[in-house]
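[1] Pasting a predicted model and its sequence here:
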Amino acid sequence: MSNLIMLLGIYFTIACAFIIIILAVLLTPFPHWPTYYTIWKHIFFDPEPSIKFRHRKRQVFYLLNYALKLPFVSLCWCLDEILFSQYREMKLSTPIFIVAQPRSATTFLHRTLASDEKKFFSICLLEWRYPSILIQKFFQATGYLEKMSKVSYWGNNNEAKLTEKMHYSYLNDYEDDGFLYEECFFHQFYVINRFPYPKLVDKLNNFQELPNKTKEKMLKAHYQVIQKILYLRGGNLVYVSKDNECLQRSELMKKLYPDALFITITRESEKFMNSYITLIHQSAYSKSRVDVNNISEWISMQRKVRVEAASQTINFFESLSEEQKLCFSFNNLTENIKDSIELVYRKLNIDLTEAQSEYLKNLDTKQNLRDSAYKTGSDKFEEFAFFDKFATETARNHKTLLEKSKRI
């Protein structure tokens, strides 16, 4: 009889644990299940000839690995609500959102501002990947986070090393908010680099077409992750975000963060697009091992997405009041780093410390913003003529701001 009771107890415990895990997965806001299932369909049924069986097998393992980790991450996400409920009291005061075309010095500006850890905070790649206070505390206690400073996001083969030269990214580096949407929700344009099926793009780059409840759920989760990391950092800091692919979310973000400062950086299309095309090829190969040069629709798809983003950038920033925005040009920023960064501080009514001022003076622009480590094309992009005009105007206005700043 006692053995039967013990056996029933074991079964009951297992059943309870299983129910708890299922509930945790259901309560967790990610992934975006429709996109997750759509990716599976493309792996099995998309006839794209450049993506071979070995590539699809790699994609299957990636999705299965995510599915295996999801119950654990989901449980930790839910336990945060019980163990660290104070995080919900964290207030985001005048957050900064850097929004621009890729290869326009956005990562440089993001990490430069985030380097002032007494005033600002940003979120590292590993925190986006595992957005739980409990998990992050475990990483800190075990020294795992420190070990990740030696692990490149791109891998360690020759192709990955070339990608790293273009965009230096280790797992504990401050990174793009888009990683939450890419690696947790599976709903972000750059998912295409890991699953390079051109026909998949419309399912990844359609945030505006999602149901309102879905959009609100994603933005709420994004807000919660920022609150959680602010809780870990100790509070009373200004959040600095960078997300080049958030333009479809920008109007909702403006409502959610009414006191936010939005910053864009413009660069002439010939420069940023040639650099971007080179990087996106390397990125896709590093993640999928697929040579996207062999995909006939790849370049036209990339150009179309970037033109749409250029139009969205102009429309969004023209809709903002002067108090809500700063518009920089790539050349003026990289040639006047300290003065440009001071414009951000002044906009937020924050004093630049002597230590940070000295850091900015000594910042080696050539080392941080060089394109000379890799070769890019020299194509012309006539469809960006309207954006180049906007970039020229932005450069003129940025220069005027810098001149005024020097007179103060």
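    On my side now, so go ahead. Numbers count the residues shown, from 1 in each chain.

[2] what bits of the stretch 251-400 of the chain have low per-residue confidence?
    Scanning the stretch 251-400 of the chain for pLDDT under 70 picks out the ranges 364-375.

[3] What are the boundaries of the strands in it?
    In the stretch 251-400 of the chain, the segments counted as strands under DSSP state E, counting those that start in this stretch are 261-266, 325-329.

[4] Please name whichever of these is nearest to Trp40.
    strand 261-266 (36.0 Å; Cβ to Cβ). Every residue, glycine included, has its C-beta placed from N, CA and C.

[5] Name the residues of the closest one that are buried.
    Of the residues in strand 261-266, those buried by neighbour count under the rule 16 or more other Cβ atoms under 10 Å are 261-266.

[6] Relative to it, what are the paired strands and their orientations?
    According to DSSP bridges, strand 261-266 forms sheet pairs with strand 96-98 (parallel), strand 325-329 (parallel).

[7] rewinding a little: could I get the strands of the stretch 251-400 of the chain as a markdown table with distance to Val99?
    Shown next, in a markdown table, are the strands of the stretch 251-400 of the chain (distance: least, Cβ to Cβ, whole Å):
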| stretch | distance to Val99 |
| --- | --- |
| strand 261-266 | 6 |
| strand 325-329 | 10 |
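
[8] Alpha carbons of stretch 207-225, as CSV, please.
    The C-alpha coordinates for stretch 207-225 follow below in CSV (Å, rounded to 0.1, in the frame of the first residue of the first chain):
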residue,chain,number,x,y,z
PHE,A,207,4.4,44.2,-37.8
GLN,A,208,1.9,46.8,-38.9
GLU,A,209,-0.4,44.1,-40.2
LEU,A,210,-0.4,42.0,-37.0
PRO,A,211,-3.5,42.0,-34.7
ASN,A,212,-3.5,44.9,-32.2
LYS,A,213,-3.4,42.5,-29.3
THR,A,214,-0.3,40.8,-30.7
LYS,A,215,1.4,44.2,-31.3
GLU,A,216,0.6,45.3,-27.8
LYS,A,217,1.8,42.0,-26.3
MET,A,218,5.2,42.3,-28.1
LEU,A,219,5.7,45.9,-27.0
LYS,A,220,4.6,45.1,-23.4
ALA,A,221,7.2,42.3,-23.3
HIS,A,222,9.8,44.6,-24.7
TYR,A,223,9.0,47.2,-22.0
GLN,A,224,9.1,44.5,-19.3
VAL,A,225,12.6,43.3,-20.4
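
[9] pLDDT on it, on average?
    Averaging pLDDT along stretch 207-225 gives 95.

[10] So for it, what gets flagged as buried?
    Along stretch 207-225, the positions that meet the burial threshold by neighbour count (16+ other Cβ under 10 Å) are 207, 210, 214-215, 217-219, 221-225.

[11] and it, how far out from the chain's middle?
    Offset of stretch 207-225 from its chain centre (Cα atoms, centre = their mean, to the nearest Å): 15 Å.

[12] What distance do you get for the spatially closest residue to Lys325 that is not a sequence neighbour to Pro95?
    Using Cβ to Cβ, 6 or more residues apart in numbering and skipping residues adjacent in sequence, the residue nearest Lys325 is Phe262, 5.0 Å away. With the distance defined as Cβ to Cβ, to the nearest Å, Phe262 ends up 10 Å from Pro95.

[13] got it, and Tyr239?
    Tyr239 sits 4 Å away from Pro95, going by Cβ to Cβ.

[14] if I look at the two, which residues touch both of them?
    Taking Cβ atoms under 8 Å, 6 or more residues apart in numbering as the contact criterion, the residues that touch both Tyr239 and Pro95 are Ile226.

[15] neighbour count winner among those two?
    Comparing Tyr239 with Pro95 by other Cβ atoms under 10 Å, the one with more neighbours is Tyr239, at 24 against 20.

[16] In which helix or strand does that one reside?
    Per DSSP states H and E, Tyr239 falls inside strand 238-242.

[17] I'd like to know which elements that strand is packed against.
    Taking 3 or more Cβ pairs under 8 Å, 6 or more residues apart in numbering; DSSP states H and E as the contact definition, the neighbouring helices and strands of strand 238-242 are strand 96-98, helix 106-114, strand 120-121, helix 212-233.

[18] ok, of the buried residues of stretch 207-225, which one's closest to Thr394?
    Phe207 (25.3 Å).
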